[in-house]
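Asker: Quick one, fold the following:
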Amino acid sequence: MSESCCGTTASLELEQTRPTPADLPVVVIGAGPVGLAAAAHLAERGQDFVVLEAGERVAASVAQWGHVRVFSPWKYNIDAAAKRLLEADGWVEPDPEWLPTGAELISGYLAPLAKLFGARLKLGAKVTAISRLGYDRVRTNGREDAPFLIRLANGDELQARAIIDASGSYETPNVLGASGLPAYGEDAATVDHALPDVLGVDRERYEGKHTLVVGAGHSAATTLLALAEIDGEITWAIRAGGASRTYGGGAADALPARGALGTRLRAHVDGGRIKLLTGFYVHRVEGDTVISRDPSGVEQSVTVDRIVAATGYRPDHSIASELRLDLDPILGSTRALAPLIDPNQHSCGTVPAHGVVELTHPEPGYYAVGVKSYGRAPTFLMATGYEQVRSVAAALAGDWDAAHDVQLDLPETGVCSTNLAEAQEQRVGLATGISGGLLSTPLPLVTVGAAETGCCG
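Answerer: This is a model prediction of the structure:
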């Protein structure tokens, strides 16, 4: 190789040996519901792809809340392309009106779907970094023609022509402390993840204990209702001055199981089974005492045996730090998507249809989808993620008419009511859990107009 002060000859040799992006697969990060739906749409369109799942099983994050029954029936939880592929393989769709648990979502849908992809699905493949081959974030000339470089935790590297990042946010929960900051002593304290299996494998950890649940979303409500079924003292701490948002739409909720959750939680609070602490801003943890300091400086405290943090999740964009992302400074979604999902203006049932246009970053070919695409907004529904990946897959296949034709039909609080939840409870018990059948996010309720209602937890 001849010498050059600017590396010109070396650059030419790199160009000659670099793979053509068109010959490389689309890499999907995450084998949860949205990631596998992306794979299904790519498969239908004849696009080469690889799915990378950090866990050792399909939908590893969903498996962690496998004991939880989702709020939405099967008819809202199955992607259209995935359904077509599965039915062609002889799969029989579950009862469309049934409310599945996370475990049933995997066994009845996600695992059979993943099996269709064979060696294209890589388990135990944790992505640690993404860049462009030969390019850092600063270098521009020729950038769009360079393939993506994906680095894995085991030292392997892959190249891709495009990336659909459906890695979710389950592994990056929000902190226990208020104001977005960790509470003093939080790192040293034993704080349990949201949605423990209180009535199953985790029962001994909670039975006969005093448990503090922090958070105002549906994951908090689910945990509180489970704790109410066993012996022990229960304290529920929220920052708001009241719990009306968590109680939600009641009988008017478009997803009856979700309305029943709020109604039963309220009954436990009113009856004294659950002690509600309002205006509780976790400031520090000292041993087994959790201390709140509100914005005016007033403190209150509670001494407990166990702490469950159900304070929500936030996305981790660090793996894409060498890519050119245009993130909304408030939510952490794309700037174009942010006003459509703003929890100050929308519930999950009022988020308009959106797709590749709203998900596009200045880095061509990189798309964060699913709950990760929403940043900190709690207005995500699984069906929204399915429409996102349908649009993105169409764009990657060059079908821009289909990519731009985004449509979405979502349940919204107040639009219908059925006896579905009550009928199923008689068979298997109260349905409590993930809002809208949505992955694992404890979605706090939001104010829609003048009414304190919301469909996302």
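
Asker: any idea of the mean pLDDT in stretch 131-148?
Answerer: For stretch 131-148, mean pLDDT is 96.

Asker: Now do that stretch: everything it contacts.
Answerer: Identification of contacts with stretch 131-148 by Cβ atoms under 8 Å, 6 or more residues apart in numbering yields 14-15, 18-19, 21, 24, 27, 130, 149, 151, 159-163, 321-324, 364-366. Quick note: C-beta positions are derived from backbone N, CA and C, even for glycine.

Asker: try 6 Å
Answerer: Contact with stretch 131-148 is made by Leu14, Pro19, Pro21, Leu24, Leu149, Gln159, Ala160, Ile163, Glu322, Pro364, as judged by Cβ atoms under 6 Å, 6 or more residues apart in numbering.

Asker: can you check stretch 267-275 too?
Answerer: Counting by Cβ under 6 Å, 6+ apart, Leu224, Ala228, Ile234, Thr235, Trp236, Leu276 sit against stretch 267-275.

Asker: Look up phi and psi at the residue minimising distance to the centre of the chain.
Answerer: When the chain is reduced to its mean C-alpha position, the closest residue under Cα atoms, centre = their mean turns out to be Val371, at 3.7 Å. Main-chain dihedrals, Val371, degrees, to the nearest 10: phi -60, psi -30.

Asker: try the one 10 residues further on
Answerer: Backbone dihedrals for Leu381, given as degrees, to the nearest 10, come out at phi -120, psi 150.

Asker: So which of the contacts of stretch 267-275 sit within helices?
Answerer: Under the assignment DSSP state H, the contacts of stretch 267-275 contribute Leu224 to helices.

Asker: would a markdown table of the contacts of stretch 267-275 with pLDDT, neighbour count and distance to Gly332 be doable?
Answerer: Output for these, formatted as a markdown table (pLDDT from 0 to 100; neighbours: other Cβ atoms under 10 Å; distance: Cβ to Cβ, whole Å):
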| residue | pLDDT | neighbour count | distance to Gly332 |
| --- | --- | --- | --- |
| Leu224 | 96 | 28 | 28 |
| Ala228 | 97 | 18 | 34 |
| Ile234 | 98 | 24 | 33 |
| Thr235 | 98 | 21 | 31 |
| Trp236 | 97 | 28 | 28 |
| Leu276 | 97 | 20 | 30 |
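
Asker: Out of the contacts of stretch 267-275, the closest to Ala60 would be?
Answerer: Distances from Ala60 to those, taken as Cβ to Cβ, are shortest for Leu224 (25.8 Å).

Asker: ok, that closest one touching Val213?
Answerer: Yes - using Cβ atoms under 6 Å, Leu224 is in contact with Val213, at 5.5 Å.

Asker: Which neighbours do the two have in common?
Answerer: Common neighbours of Leu224 and Val213, counting by Cβ under 6 Å, 6+ apart, are Trp236.

Asker: What's the local residue count around Pro173?
Answerer: For Pro173, the neighbour count with other Cβ atoms under 10 Å is 20.

Asker: State the phi and psi torsions of it.
Answerer: phi -70, psi 160.

Asker: Just to check, it is in contact with Pro315?
Answerer: No - taking contacts as Cβ under 6 Å, Pro173 lies outside contact range of Pro315: 11.3 Å.

Asker: re earlier: so which of the contacts of stretch 267-275 belong to strands?
Answerer: In strands, judged by DSSP state E, the following of the contacts of stretch 267-275 are found: Ile234, Thr235, Trp236, Leu276.

Asker: which of those residues lies closest to Val198?
Answerer: Val198 has its nearest neighbour among the ones in strands among the contacts of stretch 267-275 in Ile234, at 10.4 Å by Cβ to Cβ.

Asker: Surely the closest one and Leu227 touch.
Answerer: Yes - the criterion here is Cβ under 6 Å, and Ile234 meets it with Leu227 at 4.9 Å.

Asker: list residues touching both of those two?
Answerer: Thr211.

Asker: Let me know the closest of the contacts of stretch 131-148 to Arg266.
Answerer: Once Cβ to Cβ is applied, the member of these that ends up nearest Arg266 is Ile163, at 43.9 Å.

Asker: you'd agree the closest one is in a helix?
Answerer: No - membership of Ile163 in a helix is not supported by DSSP: H, G, I helix; E, B strand; the rest coil, which gives strand.

Asker: neighbours of it, just the number please.
Answerer: Around Ile163 there are 22 residues (other Cβ under 10 Å).

Asker: Report the contact partners of it.
Answerer: Contacts of Ile163 by Cβ under 6 Å, 6+ apart are Val27, Phe148, Tyr366.

Asker: Equivalent analysis for Asp187, please.
Answerer: No contacts exist for Asp187 under Cβ under 6 Å, 6+ apart.

Asker: Quick check: which element contains it?
Answerer: Under DSSP states H and E, no helix or strand contains Asp187.

Asker: and it, what are its phi and psi?
Answerer: Main-chain dihedrals, Asp187, degrees, to the nearest 10: phi -60, psi -30.

Asker: And Val269, by the same measure?
Answerer: phi -70, psi -50.

Asker: Can you tell me how far it is from Arg139?
Answerer: Distance from Val269 to Arg139, counting by Cβ to Cβ, to the nearest Å: 57 Å.

Asker: who's more crowded, those two?
Answerer: Taking other Cβ under 10 Å, Val269 and Arg139 do not tie; Val269 has more neighbours (19 against 11).

Asker: Give me the buried positions along stretch 176-192.
Answerer: Across stretch 176-192, burial judged by 16 or more other Cβ atoms under 10 Å covers Leu176, Gly177, Ala178, Ala183, Gly185, Glu186, Ala189, Val191, Asp192.

Asker: quick one: which of the residues you listed is nearest Ser72?
Answerer: Asp192 (25.8 Å).

Asker: Show the pLDDT at His193.
Answerer: Per-residue pLDDT puts His193 at 89.

Asker: Setting the sequence-adjacent residues aside, check what's closest to it.
Answerer: Of all residues not flanking His193 in the chain, Pro173 sits nearest, at 6.7 Å (Cβ to Cβ, 6 or more residues apart in numbering).

Asker: what does Ala237 give?
Answerer: Phe280 (3.9 Å).

Asker: picking up where we left off before, look up how far Pro94 lies from the residue nearest to the centre of the chain.
Answerer: 23 Å.

Asker: do the same with Ile307
Answerer: According to Cβ to Cβ, Ile307 and Pro94 sit 36 Å apart.

Asker: Kindly report the same for Val369.
Answerer: Separation of Val369 from Pro94 (Cβ to Cβ): 24 Å.
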